[in-house]
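[1] Next input, structure requested:
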Amino acid sequence: MKMTGAEIVLEVIKKQEIDKIFGYPGGAVIPLYDELYKQNDIKHIRTVHEQAAVHAADAYARGSGKVGVTLVTSGPGATNTITGIATAYLDSVPLVVITGQVPQMLMGKDAFQEVDITGITLSITKYNKIVKNIKELQSVLEKAFKVAASGRPGPVLIDIPKDVLVDTYEYKSVILNKESENGEEFVDYLSVLEKIKKAKRPVIYAGGGINKAKAEDEFLEFVEKLKIPVVNSLMSLGTISRKNPLSLGMVGMHGFKIANQAIFRSDLVIAIGARFSDRVIGKSDKFAPKAEIIQMDIDRTEMDKNIETKFNIIGDIKLHLAKLNKSIDFEVNENWICELNEIDKKQICLDNDFHPKNIIEQVAKRIDTDSYVVTDVGQHQMWVAQYYPFSPKGKFITSGGLGTMGFGTGATIGTEAIGDKKTVFFTGDGSFRMSAMELITLKKNNMKPLIILFNNRALGMVRQWQALFTDGRYAETDTLEDMDYSKFAKYFGIKSAKVDSLDELKRVLNTFPINDEMVFIECFIDRDIGVYPIVPPGKSITEGITE
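    Model (predicted):
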């Protein structure tokens, strides 16, 4: 059956069982948007800015388990996707970004809205290609989805000139093979378990790869059978309930004392789907100095990259954990758990009741445990990571590797588009105003997130570092503008309120229709409230901790 290039693009997307895509139209992709107009199989969500469209597709992928798709035009439309692509690349999120390009007869002539987007994004994509012949369009797009989702997931960019979109060619209907190539290699599982059995102080370091592999159930079975304490990276929060006695919480720069001490005292660290980020290991020669390290990951290039490991398990985490679970017939030394329980778990002394910890706990009481929890980047992100009672039923969606301020509003569009759970979105005044106009997108699409904005009239995280390392010289981090964000939200017809006390927050949460419509709550907090503990640069995670 002959189809135009635009029809072929949409047909390939539909074959992936993807029914929602995100984007912004422009001259080079008019043929694609014309085909979208003609059919009803794919819902297109137009954002205010292309960057938000990529963040929305990113969160849609993280929440749904499908590949996220973004469609944008050439030139500035394409370049506006770069931060979103880099965000997905560093967090290993499967995306296919389709960009329009000027007709081939104009390429290389500095035509209006012409850029070499494949050259620009080469270092932040798993694969990218400009399709110059309609004969290869279908195969390139099918490869794009396969590459994005297989192995270690990541973003792919396909650039399509306008003349290819209007040309015609035979479309060949295919049955997709959904079996993944997991890169699994032979592993001596009995030797791995013997090493764990001999350990006196083992710790599991859980990473975001557990979620990517959809291995949450196998991971929990592994933990419960062995009774090994777990520390989490930022990206893996929610893989184990914070109420589980084996959960020690987040590890690293802003991690809990008990989690960092467990790593320091351990004699064996089992890293599962974790890449040993600098925010976790700090000073690498001081990370787990008494421990051997077993690393399990699908990406061979992560082995021995940041930390020297003793035993490598390469391949699909889900399959490896399932095979290990079949052979487990022991539990770890319970004295190790007792030793950890004796470590001081001193709580932060709160100066007032209206502290982010209490705000987050109050919000969590009103939200189902299986909700999507989305954040922007900054102090509020770390407070949520520390204090939200994550459980395996929900999903935590945040920008970890790139730390992209402005990520959260677009990401909320993506999780709301999935439509299966409630979304609670925590943001800060600095991050929110980078993408505040995306409230238009949320409102237009009748989306109903609960939005909590921490307003300390500051770029809080950088300001905190200035207090510590530049003697309180707050260069451009105080944002004293008289901006009423709740009125801004109200302008778009969003139910909103501003609160400065815990009692007022409780009243709003209990009286506002947070399950039936979008609600925006602006919380005024003290700008001098910091994120603690904090490990300064050049320190290990077990020294120099400020509390």
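[2] Just to check, residue 272 is in contact with residue 207?
    Yes: assessed by Cβ atoms under 8 Å, residue 272 is found in contact with residue 207 at 6.3 Å. Where C-beta positions appear, they are placed from N, C-alpha and C, glycine not excepted.
[3] Now list whatever residues contact both of those two.
    By the contact definition Cβ atoms under 8 Å, 6 or more residues apart in numbering, residue 272 and residue 207 are jointly contacted by residue 297.
[4] mind checking the end-to-end distance for stretch 490-499?
    This stretch, stretch 490-499, spans 15 Å end to end (Cα to Cα, to the nearest Å).
[5] List the buried residues for that stretch?
    492, 494-499 (16 or more other Cβ atoms under 10 Å).
[6] Among those, name the ones in helices.
    Assigned to helices by DSSP state H, none of the buried residues of stretch 490-499 qualify.
[7] measure residue 409 to residue 495 for me?
    To residue 495, residue 409 is 17 Å away according to Cβ to Cβ, to the nearest Å.
[8] which intervals of this protein have sub-threshold pLDDT?
    175-185, 283-285, 344-352, 535-547 (pLDDT under 70).
[9] Can you give the domain ranges for it?
    2-170, 189-341, 356-524 (automatic domain parsing).
[10] nearest to residue 534, of these?
    Nearest to residue 534 among the domains of the chain is domain 189-341; the distance by Cβ to Cβ comes to 6.3 Å.
[11] how far does that closest one stretch from start to finish?
    For domain 189-341, the first and last residues are 30 Å from each other (Cα to Cα).
[12] again with stretch 397-414
    Length of stretch 397-414, first residue to last, Cα to Cα: 10 Å.
[13] Distance from the chain centre to it, please.
    7 Å (Cα atoms, centre = their mean, to the nearest Å).
[14] what does stretch 201-216 give?
    With Cα atoms, centre = their mean, you get 15 Å for stretch 201-216.
[15] Could you point out the longest helix of this structure?
    Looking across the chain with DSSP H, the single longest helix is helix 50-64.
[16] Summarise which helices and strands it is packed against.
    Counting contacts by 3 or more Cβ pairs under 8 Å, 6 or more residues apart in numbering; DSSP states H and E, helix 50-64 packs against strand 20-23, strand 43-46, strand 68-72, helix 82-90, strand 95-101, strand 372-375, strand 395-397, helix 407-418.
[17] Identify the residues contacting residue 254.
    With Cβ under 8 Å, 6+ apart, residue 254 has these contacts: 279, 382, 385-386, 531-535.
[18] OK, contacts around residue 48?
    437-438, 440-441.
[19] With respect to residue 13, which of these is nearest?
    Comparing the contacts of residue 48 against residue 13 with Cβ to Cβ places residue 441 closest, at 20.4 Å.
[20] Pretty sure the closest one sits in a helix.
    Yes: counting by DSSP: H, G, I helix; E, B strand; the rest coil, residue 441 is located in a helix.
[21] Skip the chain neighbours and tell me the closest residue to residue 353.
    Nearest non-adjacent residue to residue 353, counting by Cβ to Cβ, 6 or more residues apart in numbering: residue 502, 4.6 Å away.
[22] Report how many residues lie close to the one you found.
    Neighbourhood size, residue 502 [other Cβ atoms under 10 Å]: 17.
[23] how close does it get to residue 160?
    From residue 502 over to residue 160 the distance is 53 Å, taken as Cβ to Cβ.
[24] likewise residue 168?
    14 Å.
[25] Following the host helix or strand of residue 220 in sequence, what is the next regular element?
    Per DSSP states H and E, residue 220 falls inside helix 216-226. Next helix or strand after helix 216-226 toward the C-terminus (DSSP H and E): strand 230-232.
[26] Send over whichever helix or strand comes after that following strand as PDB, restricted to the C-alpha atoms.
    Note on strand 230-232: by DSSP H and E, the next helix or strand toward the C-terminus is strand 247-250. What follows is strand 247-250, C-alpha atoms only, in PDB (Å, rounded to 0.1, in the frame of the first residue of the first chain):
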ATOM      1  CA  SER A 247      15.100   0.700  53.600                       C
ATOM      2  CA  LEU A 248      17.800   3.100  54.800                       C
ATOM      3  CA  GLY A 249      16.800   5.800  52.400                       C
ATOM      4  CA  MET A 250      18.800   7.900  49.900                       C
END
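[27] Now do strand 247-250: which elements does it pack against?
    Strand 247-250 packs on strand 230-232, helix 257-265, helix 379-387, going by 3+ Cβ pairs under 8 Å, 6+ apart.
[28] can the ones you listed go into CSV with extra columns for distance to residue 143 and mean neighbour count?
    Converted to CSV, those look like this (distance: least, Cβ to Cβ, whole Å; neighbours: other Cβ atoms under 10 Å):
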stretch, distance to residue 143, mean neighbour count
strand 230-232, 34, 28
helix 257-265, 40, 22
helix 379-387, 35, 25
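[29] any idea how far residue 227 is from residue 340?
    For residue 340, the distance to residue 227 equals 12 Å [Cβ to Cβ].
[30] Which one's more surrounded, these two?
    Comparing residue 340 with residue 227 by other Cβ under 10 Å, the one with more neighbours is residue 340, at 21 against 16.
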